[in-house]
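S.K.: got a structure for you, letters missing:
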């Protein structure tokens with residue numbers, strides 16, 4: 001009998017082989033990331049998400065059911081100073097974030113990584129990811145930010161010069177202005193030899209069937225477009241390379257549309273590792289570990305058998321550990337041996353998922369509709385006017401508003417306050433309650449949000465000018 005030991009809350013451990021799952025821990029139907037099942041054979045069911053298509057998710061609970069994303073609010077008690085996105089359930093889901101909370105709470109190394117495709121104006125949606133990166137950096141993470149110029153070049157057809165111009169003058173400048181520290185790493189994909197070399201290695205573990213199932217690639221998809229997907233996996237895994245301190249938990253803050261990249265990367269990381277550890281039970285009901293070789297050199301199993309305390313049995317292709325039950329120490333030994341023999345020993349990347357902001361006129365934000373979004377570089381007074389024209393959750397008449405109250409959950413103006421403009425939870429709660437009780441009308445909220453937006457943009461753009469003079473501190 002094969003069992004999972006110890007109980008794995010979110011199937012984080014890439015060395016555990018979940019061939020038989022205890023339903024008390026994980027509903028097998030919801031486990032969309034069993035590494036023993038090729039991703040193109042996994043039951044993705046009815047919902048499709050694609051990082052290159054416009055996406056509107058009306059029911060985020062479907063992501064829990066169909067893609068195995070776990071609710072984030074269960075982890076809040078373990079986070080000492082949660083970001084407002086966490087407190088307000090804007091970050092709604094995660095994969096493996098318990099590895100990150102463990103690292104933060106116990107002073108262990110961890111990293112945060114995310115990236116931006118340089119394809120247009122930086123807006124409030126990009127700011128969300130930047131804030132999440134910076135917050136994790138402040139909690140002790142080694143922070144990595146990639147500018148996906150290879151993706152912009154292959155998918156959007158942008159010249160390399162245009163990619164660099166947008167990357168520096170839109171994204172990097174605002175990232176620094178928001179508080180990203182120079183100790184972190186900012187890079188362009190096309191400049192990073194580590195990322196390019198790792199992408200080549202990962203490409204040997206990916207095939208067209210898998211990529212087409214995840215991304216919807218067809219016979220018309222260019223090879224460079226497919227390569228950009230593998231390059232993003234290299235972005236995510238490269239903070240664990242030896243030159244950056246070796247294997248460690250890494251969190252990737254993204255919108256739900258980017259989950260295909262996370263799923264692919266976790267699968268590729270598993271394939272790259274030399275070993276998997278299975279918990280087993282013999283005929284007498286005694287539990288033991290079995291370390292199974294996937295692609296390890298022959299001498300590695302012998303080395304493991306000699307290093308692991310207690311009784312071990314060496315077989316062709318695996319080592320059984322009979323009387324040593326310290327899983328964390330066993331895992332540490334397995335990773336150390338893999339690294340010594342030239343392997344990667346990747347820790348599966350964790351991820352957080354945040355809700356999408358609505359467009360100012362309702363529906364989705366669209367770069368082709370300027371009034372639907374606010375850029376961090378646009379005129380502050382012009383942005384304030386956009387806020388005043390935005391769609392609200394108010395009633396048709398003032399009388400109805402006072403009688404029935406407003407609907408802030410359907411209001412793009414309240415959403416601006418919720419996501420971006422009000423840090424204090426009590427202040428936000430007062431605004432919400434005044435709206436639903438009918439005490440506050442839409443004009444008041446619009447005026448407040450417009451004033452706050454104008455002030456934020458003015459201050460941010462002043463900080464951007466300072467950031468432009470600091471680019472050399474970041475190696476740019």
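M.R.: Arrived safely. All values reported here derive from a predicted model rather than from experimental measurement.

S.K.: what strand or helix carries residue 433?
M.R.: Using DSSP states H and E, residue 433 sits in helix 425-436.

S.K.: contacts for that helix next, please.
M.R.: The contact list for helix 425-436 (CB atoms under 8 Å, 6 or more residues apart in numbering) reads 84, 87-88, 393, 405-408, 411, 414, 417-418, 422, 440, 445, 448. All C-beta spots, glycine's among them, are computed from the backbone N, C-alpha and C.

S.K.: give me the lowest-pLDDT entry from those.
M.R.: Looking at the contacts of helix 425-436 by pLDDT, the weakest one is residue 393, with 73.

S.K.: would you enumerate the residues in contact with it?
M.R.: Contacts for residue 393 were tallied using CB under 8 Å, 6+ apart; they are 406-411, 414, 435.

S.K.: and the next helix or strand after the helix holding residue 433, what does it pack onto?
M.R.: The helix or strand immediately downstream of helix 425-436 is helix 442-468, counting by DSSP H and E. Contact here means 3 or more CB pairs under 8 Å, 6 or more residues apart in numbering; DSSP states H and E; on that basis helix 442-468 packs against helix 173-178, helix 380-389, helix 412-416, helix 425-436.

S.K.: mind running it again at 6 Å?
M.R.: helix 173-178, helix 380-389, helix 412-416 (3 or more CB pairs under 6 Å, 6 or more residues apart in numbering; DSSP states H and E).

S.K.: buried set for that helix?
M.R.: Buried residues in helix 442-468, counted by 16 or more other CB atoms under 10 Å: 442, 445-446, 448-450, 452-454, 456-457, 460-461, 463-464, 467.

S.K.: stretch 337-346 too?
M.R.: Residues 337-338, 343-346 are the ones in stretch 337-346 that count as buried (16+ other CB under 10 Å).

S.K.: contacting residues around that stretch?
M.R.: Residues from elsewhere that reach stretch 337-346 (CB atoms under 6 Å, 6 or more residues apart in numbering): 237, 240, 247, 269, 272-274, 297, 300, 303-304, 335.

S.K.: need the max-distance pair from those.
M.R.: Farthest-apart pair in these is 237 and 303; separation 24.5 Å (CB to CB).

S.K.: quick one, which of these two is more surrounded?
M.R.: Counted by other CB atoms under 10 Å, residue 237 and residue 303 do not tie: residue 237 has more neighbours, with 27 against 17.

S.K.: I'd like the distance between the more buried one and residue 262.
M.R.: Applying CB to CB, to the nearest Å, the value for residue 237 to residue 262 is 11 Å.

S.K.: kindly report the same for residue 77.
M.R.: Using CB to CB, residue 77 is found at 24 Å from residue 262.

S.K.: so those two - more neighbours on which side?
M.R.: Applying other CB under 10 Å to residue 77 and residue 262 shows that residue 262 carries more neighbours, namely 24 against 9.

S.K.: so that one sits against residue 351, correct?
M.R.: Yes. With contact defined as CB atoms under 6 Å, residue 262 reaches residue 351; the gap is 4.6 Å.

S.K.: what's the burial count for the closest residue to residue 81 other than its chain neighbours?
M.R.: In this structure, residue 81 finds its nearest non-sequential neighbour in residue 139, 7.9 Å apart by CB to CB, 6 or more residues apart in numbering. A count of nearby residues for residue 139, using other CB under 10 Å, gives 18.

S.K.: same check, this time on residue 118
M.R.: Residue 118 - counted by other CB under 10 Å - has 26 other residues nearby.

S.K.: would you agree it is in contact with residue 152?
M.R.: Yes. The pair residue 118 and residue 152 passes the contact test of CB under 6 Å, sitting 5.2 Å apart.

S.K.: please enumerate the strands of this structure.
M.R.: 2-3, 70-71, 91-95, 111-116, 142-147, 185-188, 250-255, 275-281, 287-293, 312-315, 318-321, 350-354 (DSSP state E).

S.K.: in CSV: these, plus mean neighbour count, distance to residue 159 and mean pLDDT.
M.R.: Listed next are the strands of the chain as CSV, based on neighbours: other CB atoms under 10 Å; distance: least, CB to CB, whole Å; pLDDT from 0 to 100:
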stretch, mean neighbour count, distance to residue 159, mean pLDDT
strand 2-3, 14, 53, 29
strand 70-71, 17, 41, 92
strand 91-95, 24, 35, 94
strand 111-116, 25, 17, 96
strand 142-147, 24, 14, 98
strand 185-188, 20, 13, 98
strand 250-255, 25, 27, 95
strand 275-281, 20, 44, 90
strand 287-293, 19, 46, 92
strand 312-315, 14, 56, 91
strand 318-321, 21, 52, 92
strand 350-354, 26, 31, 96
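
S.K.: picking up where we left off before, of the buried residues of helix 442-468, closest to residue 310?
M.R.: Looking across those and measuring by CB to CB, the closest to residue 310 is residue 467, at 55.4 Å.

S.K.: ok, so what distance separates the residue nearest to the closest one when sequence neighbours are not counted from residue 145?
M.R.: For residue 467, ignoring the flanking residues on the chain, the nearest one in space by CB to CB, 6+ apart is residue 176 at 3.8 Å. Residue 176 sits 10 Å away from residue 145, going by CB to CB.

S.K.: repeat that for residue 360.
M.R.: Here the criterion is CB to CB. By it, residue 360 lies 27 Å from residue 145.

S.K.: what does residue 289 give?
M.R.: Counting by CB to CB, the gap from residue 289 to residue 145 is 38 Å.

S.K.: what's the answer for residue 307, then?
M.R.: For residue 307, the distance to residue 145 (CB to CB) stands at 38 Å.

S.K.: next one: residue 272
M.R.: For residue 272, the distance to residue 145 - CB to CB - is 23 Å.

S.K.: same deal with residue 72?
M.R.: Counting by CB to CB - residue 72 and residue 145 are separated by 22 Å.

S.K.: what's the end-to-end length of stretch 186-206?
M.R.: This stretch, stretch 186-206, spans 27 Å end to end (CA to CA, to the nearest Å).

S.K.: any low-confidence regions in the stretch 351-476 of the chain?
M.R.: The stretch 351-476 of the chain contains residues with pLDDT under 70 at 366-368.

S.K.: change it to 80
M.R.: For the stretch 351-476 of the chain, the stretches with pLDDT under 80 are 362-370, 393-406.

S.K.: and for the stretch 51-200 of the chain?
M.R.: 51-67.

S.K.: show me the helices in it, by range?
M.R.: Secondary structure of the stretch 51-200 of the chain by DSSP state H, counting those that start in this stretch: the helices cover 61-67, 84-87, 98-106, 124-138, 149-151, 160-166, 173-178, 193-203.
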